[in-house]
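Peer 1: using only what follows, build the 3D model:
(one chain, ligands or ions: 2)
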Amino acid sequence: MSTPDLTATARQINAIIEDAYSQSTHLLHILYALQQRLLHIPHEAVREVASHFSLPISQIESVVEFYSFFSGTPRGRYDILLSNCTSCGYKAAGENLLQMLCDRLHVVAGKTRADGLVSIDETSCIGMCDHGAALLVNGMPVTGLDAGKIMRIAELVEAETPLADWPVEWFRIDDHICNRGLLLKNDFAAGDGMRATWARGTDATLAGITQSGLRGRGGAGFSAGMKWKFCREAQDDTRYVVCNADEGEPGTFKDRVLLHSHADAVFEGMTVCAAVIGAEQGYLYLRGEYRYLLPHLQAVLAKRRESGLLGSNILGHADYNFSIEIVVGAGAYICGEESALIESLEGKRGIPRNRPPFPVTHGYLGQPTVVNNVETFAAAAHIALRGSAWFRATGTEKSAGSKILSVSGDCASPGIYEYPFGVSIRQVLDDCGAKDVQAVQISGPAGTLIGSTEFHRKLAFEDLSTGGSFMVFGKERDLLSIIANFAHFFAHESCGFCTPCRVGTTLIKIGLDKIVGGHGTQYDLDEMKRMAALVKHRSHCGLGQTAANPVLDGLQRFPKIFEQRLAHSAFEPYFDLDAALEEARQVTHRDDAAAHLE
Ligand SMILES: Cc1cc2nc3c(=O)[nH]c(=O)nc-3n(C[C@H](O)[C@H](O)[C@H](O)COP(=O)(O)O)c2cc1C
Ligand code: SF4
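Peer 2: Ligands and ions are numbered 1, 2, ... in the order given. I've put the predicted structure just below:
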């Protein structure tokens, strides 16, 4: 690998922009191309992009700053990001693999080595939780990390070995499907859902989706049929279909598997939706951590175009045109929130919009837009083919069909498990070989933390609803540290737009670290409760509204893990003020003994 010319002229930068621009109008594509080629997005490039789009420089700068995969300063030629998730994180192997790699390569975490060879940092969950500790190197996932592999990686980097010559099996990502149900068991031939839709008619197809009881699989559980109907009835001719493949909730990886092995069903569900609502353009918003899936997904799309399942006059129906474009995110969990996702698609920072109006009437470019989860579209394709009764026959009255779970953590067989809705937690734990379980985090950090007295409960919208994450924590785990890990996640991923979330998530994080470190007092605990309630009830969007859930669940269900860690003093400051003044004393050469604090 050769060092890029970091003083690239405006002409070079322009060429990169033109190249990316010719493929797509999406700003994220262009910024990605610049980041790839120059290893950062220098100010000159920001200026050129701004002038290309006739936008203020500050707007482009704010986009670069917003996404964690873009950088205003150079990253290493080997840019390594280790997941800090509790399941696929760098401590999952029992050692601090991040520190080990940093020590070995003489890098400070978060910085680029002076020779520009390597940069190492941590990142939020990369969706490899069934593969053990994992990292991204130049965007490619390497899984199953342990001390030996970390040492080997350090050698390969130091020798500047191209990624193409790294052991090929390191990059293999298996599906690990352990239990198949409605969607994963039944075959789906590309085009069958569309043919059934044309045979039945779009009115009857919409009625079928509604009658099937299909509810959104992204977490909120809104009726898919209602959403499609509202969009179809919206007063505008240009409508869009958007598939939410941002899958950023720690512990969730079922969409990764659906996109890898069932992409045709997902794209078909989008196409059925387009036929129903009258859309000609669709987008799949793929999280940046899954960029490695892009060639595969592009190939599936190309094949569908060749087979007449996308493009103009689909399956010979005059005037029925639909295209799908893939837009890749750049490392921001908040972009999974549908209105933030739409902002991101429009080339902006992923700041959630005020709602109402909802995307069904005012979505992408202000036009009516359906946003559904990957699994929702896959289910819709099967329903279009097999009918609503087939789907309704599985699950519970209020939660029809099946749910695909991403099972990870302390169990013998982490992986993908599909069950009829209504399955008990106990059943899932038995099936995945989990023993001596202390707690299960349902639906990721934004969801619900439960202990063994609740393992009889059911996964269903009417009991424990879930977007799919199922994290198992054994008896030997330090649950308080896990809750603190989740608090770090939310503080890091808060988009900063509203004060309760921006400040509150950071204060909760600091409070938890203090308690975990043995310096917390009853005062800190009371303050944290107050702050958690405030963040939950006063935040602008779902991220803030759920960010305090792990703390609140922990306090309610596992109060002892907090109480046992409290220091006995009535109050201890967050930091050592006297020590913090030391630098000032040295600079001013004044050290007045009487001015020292007790
Ligand atoms: C912070 C946050 C992150 C979210 N991430 C995702 C995600 O990664 N995938 C997803 O489908 N929905 C996610 N959602 C929910 C979406 O806003 C939206 O409800 C969903 O995409 C609608 O699709 P569905 O009805 O098929 O579930 C997220 C919501 C919030 C508040
Ligand atoms: S709640 Fe958090 S993530 Fe949502 S808008 Fe406010 S700061 Fe941003």
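Peer 1: in contact with the residue sitting nearest the centre point of the chain, which residues?
Peer 2: Geometric centre of the chain, nearest residue: Gly248, 1.1 Å, by C-alpha atoms, centre = their mean. Residues in contact with Gly248 (C-beta atoms under 8 Å, 6 or more residues apart in numbering) are Ser124, Cys125, Arg287, Ala332, Tyr333, Cys335, Gly336, Glu493. Backbone N, C-alpha and C define where each C-beta goes, glycine included.
Peer 1: which ones are touching the first one?
Peer 2: Which is Ser124. Ser124 makes contact with Ser83, Asn84, Cys85, Gly248, Pro250, Gly331, Tyr333, Phe489, His492, Glu493, according to C-beta under 8 Å, 6+ apart.
Peer 1: thinking again about what came up before, list the contacts for the closest residue in space to the residue nearest to the centre of the chain that isn't next to it in sequence?
Peer 2: Nearest residue to Gly248, sequence neighbours excluded (C-beta to C-beta, 6 or more residues apart in numbering): Tyr333, at 3.8 Å. By C-beta under 8 Å, 6+ apart, the residues touching Tyr333 are Ser124, Asp246, Gly248, Glu249, Phe489, Glu493, Leu543.
Peer 1: and if we set it to 10 Å?
Peer 2: Listed by C-beta atoms under 10 Å, 6 or more residues apart in numbering, the contact partners of Tyr333 are 68, 124-125, 246-250, 287, 340, 350, 446, 489-490, 492-495, 543.
Peer 1: also Lys560?
Peer 2: Contact partners of Lys560, counting by C-beta under 10 Å, 6+ apart, are Leu479, Leu480.
Peer 1: can we start the residue count at 13 from this point?
Peer 2: Renumbered: residue one is now 13, and that last one reads Lys572.
Peer 1: that one falls within a strand, correct?
Peer 2: No - read with DSSP: H, G, I helix; E, B strand; the rest coil, Lys572 is helix and lies in no strand.
Peer 1: mind checking if stretch 341-352 is in reach of ligand 1?
Peer 2: Yes - on the criterion C-beta under 6 Å from any ligand atom, stretch 341-352 is in touch with ligand 1 at Ile346, Gly348, Glu349, Glu350.
Peer 1: let me have those in CSV, extended by pLDDT.
Peer 2: Listed next are the residues of stretch 341-352 next to ligand 1 as CSV, based on pLDDT from 0 to 100:
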residue, pLDDT
Ile346, 98
Gly348, 98
Glu349, 98
Glu350, 98
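Peer 1: need the residues you listed in a markdown table with secondary structure, can you?
Peer 2: As requested, the residues of stretch 341-352 next to ligand 1 are exported to a markdown table (three-state DSSP):
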| residue | secondary structure |
| --- | --- |
| Ile346 | helix |
| Gly348 | helix |
| Glu349 | coil |
| Glu350 | helix |
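Peer 1: just curious, which of these is nearest to ligand 2?
Peer 2: Checking these against ligand 2 by C-beta to the nearest ligand atom gives Ile346 as the nearest, at 4.9 Å.
Peer 1: re the thing from before, and ligand 2, which of the residues of stretch 341-352 next to ligand 1 contact it?
Peer 2: Applying C-beta under 6 Å from any ligand atom to those, those adjacent to ligand 2 are Ile346.
Peer 1: returning to what we had before: any idea how far the residue nearest to Gly260 is from Thr373?
Peer 2: 26 Å (C-beta to C-beta, to the nearest Å).
Peer 1: and the helices in the stretch 313-462 of the chain?
Peer 2: Along the stretch 313-462 of the chain, the stretches classed as helices by DSSP state H, counting those that start in this stretch are 350-357, 386-398, 400-404, 437-443.
Peer 1: make CSV from those and add mean neighbour count to it.
Peer 2: Output for the helices of the stretch 313-462 of the chain, formatted as CSV (neighbours: other C-beta atoms under 10 Å):
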stretch, mean neighbour count
helix 350-357, 26
helix 386-398, 27
helix 400-404, 17
helix 437-443, 18
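Peer 1: make a markdown table out of the ones you listed and add distance to Ala412.
Peer 2: What follows is those, written out as a markdown table (distance: least, C-beta to C-beta, whole Å):
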| stretch | distance to Ala412 |
| --- | --- |
| helix 350-357 | 22 |
| helix 386-398 | 9 |
| helix 400-404 | 5 |
| helix 437-443 | 19 |
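Peer 1: may I have the distance across stretch 250-259, first residue to last?
Peer 2: Start and end residues of stretch 250-259 are separated by 27 Å (C-alpha to C-alpha, to the nearest Å).
Peer 1: any buried residues in it, and which?
Peer 2: Across stretch 250-259, burial judged by 16 or more other C-beta atoms under 10 Å covers Arg251, Tyr252, Val253, Val254, Cys255, Asn256, Ala257, Asp258, Glu259.
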